[in-house]
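1. quick one: sequence and predicted model below, then my questions.
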Amino acid sequence: MAMSKTTNTYNRQNWEDAEFPILCQTCLGDNPYIRMTKEKYGKECKICVRPFTVFRWCPGARMRFKKTELCQTCSRLKNVCQTCLLDLEYGLPIQVRDAALKIKDDLPRSEVNKEYYVQNIDKEISNIDPTTPAGAVGKSIAASDLLMKLARTSPYYKRNRPHICSFWVKGECRRGEECPYRHEKPTDPDDPLADQNIKDRYYGVNDPVADKLMRRAAAMPKLEPPEDKSITTLYIGNLGDVLTEKQLRDHFYQYGEIRTVTMVPRQQCAFIQYTSRDDAEDAAERTFNKIILGGRRLTIKWGRSQGRQAISAVETSREILEPVPGLPGALPPPPENIGNNFFNLQSTSGMMPPMMAIPPPPVAPQFMFPSQIPSPASATSAAAVAAVPSQIFPPGTAPIHYPSQDPSRMGASQGIGKPWPED
């Protein structure tokens, strides 16, 4: 005689008695000091219908209270959170993860077979570390590019907000700011995201959130390599203040030999130059929208060669600037019939323009003592008078070069041409 469901229901040997739930960081909340209520055998698991320990807590201020929905056996079987049923490693729905890792779900659907299968799995995982996944997920350790692209690296606390106030939707809520529920427009009933349930999420079928993420992955842009084959540099952005040059070199060296690693701390980025173009293309393909270092998703782009940057800078400097309105135009060239036109090179072919006469430099006045100046009376000829330069004494005045030559100062003798006084 087959065992009935009621007999197994009251068999407390397989009931769960846990001390702490299996939760993701988003459901746990941002508050490091949290209070939880523990209710032993509080509810039945939504999957295996076995009583389990229910935990209830508030993840933060102005957030709704959350509780566990699955037993820990079903949670470890799929490596999901007991509350939101999202993957603990990537934060993605089970349907997306199984499609990327090519995992086939072998969990039975019927109630009797499900209970028998879960009991056997519970015995197997009892000797395994509770932090490691079990079942087909634990056996699949291969990484996937799709999961690296879609993985959530930071908690999404917006998912813990309160539900929408139904009284506010009908216009009857009188609590105002004291209402613990959200006063927002609800989701359109025709939207697929408005129709979600726990079993579809756990079994990975007909999950609208998974379909949305798969469409997003198909529409993601690809990093096309540049046409210039001399470019072997990759731009690494969103480094933050934690990542160092050694960490970047140790990670990117697996794709090929690195020539230089240039860090730009002010811009929180770096430039990695490979020795060959094939290694650079391999690194760009395997890290674009996939690489996560130090808890940060890095931005990967192609760099530009220094020669190309110099050419672009020269071309930019040679651009014709638009004239500023309101300024006068350029002066017209001089007419061709003007003489001594040095700028009119088309005036007469084969002839040089006339040279302008350069005046001689002025003659500096010569200094002579009064005793050295010849007297007109002692001149024997007109040639002696003509030899005296006219700059020595202009008509009616005597040359004065120093204060001592002033006849009215420092006891100088009056009159020009008189001998100096003897001692």
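-> Yep, that arrived. Numbering: from 1, shown residues only.

2. in stretch 217-230, what's buried?
-> Using 16 or more other C-beta atoms under 10 Å as the burial criterion, the residues of stretch 217-230 that qualify are Ala217. Quick note: C-beta positions are derived from backbone N, CA and C, even for glycine.

3. start and end of that stretch, how far apart?
-> Stretch 217-230 has its terminal residues 31 Å apart, counting by C-alpha to C-alpha, to the nearest Å.

4. which stretches of this structure form helices?
-> Secondary structure of the chain by DSSP state H: the helices cover 5-9, 25-28, 72-78, 94-101, 111-125, 135-139, 145-150, 166-169, 198-203, 208-218, 245-252, 277-287, 306-317, 382-387.

5. who wins for proximity to Arg182 among those helices?
-> Arg182 lies closest, by C-beta to C-beta, to one member of the helices of the chain: helix 166-169, at 8.1 Å.

6. can you put the helices of the chain in a markdown table and add mean pLDDT and distance to Phe65?
-> Listed next are the helices of the chain as a markdown table, based on pLDDT from 0 to 100; distance: least, C-beta to C-beta, whole Å:
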| stretch | mean pLDDT | distance to Phe65 |
| --- | --- | --- |
| helix 5-9 | 48 | 28 |
| helix 25-28 | 93 | 11 |
| helix 72-78 | 88 | 20 |
| helix 94-101 | 88 | 25 |
| helix 111-125 | 78 | 28 |
| helix 135-139 | 65 | 29 |
| helix 145-150 | 76 | 29 |
| helix 166-169 | 92 | 18 |
| helix 198-203 | 90 | 17 |
| helix 208-218 | 87 | 22 |
| helix 245-252 | 89 | 40 |
| helix 277-287 | 88 | 41 |
| helix 306-317 | 51 | 57 |
| helix 382-387 | 47 | 125 |
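
7. between those, which gets nearest to Leu85?
-> Taking C-beta to C-beta, helix 198-203 is the member of the helices of the chain nearest to Leu85, at 4.7 Å.

8. which elements pack onto the closest one?
-> Helix 198-203 makes packing contacts with helix 94-101 when contacts are defined by 3 or more C-beta pairs under 8 Å, 6 or more residues apart in numbering; DSSP states H and E.

9. could you point out where the stretch 201-350 of the chain is predicted with low confidence?
-> The stretch 201-350 of the chain contains residues with pLDDT under 70 at 305-324, 326, 329, 334-350.

10. can you give me the domain boundaries for the chain?
-> Per automatic domain parsing, the structural domains of the chain span 7-176, 233-317.

11. any chance of those in TSV, with distance to His183 and mean neighbour count too?
-> What follows is the domains of the chain, written out as TSV (distance: least, C-beta to C-beta, whole Å; neighbours: other C-beta atoms under 10 Å):
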stretch	distance to His183	mean neighbour count
domain 7-176	5	16
domain 233-317	34	15
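
12. redo those as CSV? Include distance to Pro221.
-> Below are those laid out as CSV (distance: least, C-beta to C-beta, whole Å):
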stretch, distance to Pro221
domain 7-176, 11
domain 233-317, 9
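
13. closest one to Thr187 among those?
-> Ranking these by proximity to Thr187 (C-beta to C-beta) places domain 7-176 first, at 8.5 Å.

14. and the helices of the chain: which comes nearest Glu39?
-> Nearest to Glu39 among the helices of the chain is helix 72-78 (14.7 Å), distances taken as C-beta to C-beta.

15. for the closest one, packing partners?
-> When contacts are defined as 3+ C-beta pairs under 8 Å, 6+ apart, helix 72-78 packs onto helix 111-125, helix 135-139.

16. CSV for those helices, including distance to Cys24?
-> Below are the helices and strands packed on helix 72-78 laid out as CSV (distance: least, C-beta to C-beta, whole Å):
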stretch, distance to Cys24
helix 111-125, 19
helix 135-139, 15
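
17. Cys81: which of the ones you listed is closest?
-> Among these, the nearest to Cys81 by C-beta to C-beta is helix 135-139 (13.4 Å).

18. so which of the domains of the chain is nearest Arg216?
-> Arg216 lies closest to domain 7-176 among these, at 7.2 Å (C-beta to C-beta).

19. which residues sit against stretch 112-119?
-> Residues from elsewhere that reach stretch 112-119 (C-beta atoms under 8 Å, 6 or more residues apart in numbering): Lys5, Asn8, Asn14, Ile47, Cys48, Val49, Arg50, Thr73, Cys74, Leu77, Leu107, Pro108.

20. can I get these in JSON lines with distance to Val96?
-> Listed next are the contacts of stretch 112-119 as JSON lines, based on distance: C-beta to C-beta, whole Å:
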{"residue": "Lys5", "distance to Val96": "34"}
{"residue": "Asn8", "distance to Val96": "34"}
{"residue": "Asn14", "distance to Val96": "31"}
{"residue": "Ile47", "distance to Val96": "19"}
{"residue": "Cys48", "distance to Val96": "23"}
{"residue": "Val49", "distance to Val96": "26"}
{"residue": "Arg50", "distance to Val96": "27"}
{"residue": "Thr73", "distance to Val96": "23"}
{"residue": "Cys74", "distance to Val96": "19"}
{"residue": "Leu77", "distance to Val96": "18"}
{"residue": "Leu107", "distance to Val96": "17"}
{"residue": "Pro108", "distance to Val96": "23"}
